[in-house]
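> Need the 3D shape of this:
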Amino acid sequence: MSWIKEDPKYSDIANVIKCMSINEEAMHAVWDMGHKISFGSSTLTRSQEEVIATVVSSINHCKY
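Below is the predicted model of the structure:
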């Protein structure tokens with residue numbers, strides 16, 4: 001945000017995660033869930049998962 005000084009070393013962390021860092025337990029729970037969804041066992045290849053995620057994000061007008 002323009003009125004908050006940002007630390008460049010955290011620029012790769014999504015703002016939604018930064019906001020949740022106020023509640024560290026919640027942040028870790030969401031982070032772990034996302035990691036399991038993204039990198040857990042699946043019958044889909046990583047490329048197929050990325051294509052699906054890209055299409056869904058596009059439909060939802062998501063910038064992440």
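> Per-residue pLDDT of the most centrally placed residue in the chain, please?
Centroid-nearest residue in the chain, with CA atoms, centre = their mean: A14, separated by 6.1 Å. Note for A14: predicted pLDDT of 76.
> Quickly note the distance from it to K36.
A14 is 17 Å from K36, where distance means CB to CB, to the nearest Å. C-beta coordinates here come from the backbone N, C-alpha and C atoms, glycine included.
> Repeat that for V55.
21 Å.
> likewise N15?
Relative to K36, N15 is positioned 22 Å away (CB to CB).
> Please apply the same query to P8.
29 Å.
> cool, and K5?
Where K36 is concerned, K5 sits at a distance of 33 Å (CB to CB).
> likewise A29?
11 Å.
> If you count surrounding residues, which of K5 and K36 has more?
K36 (10 against 6; other CB atoms under 10 Å).
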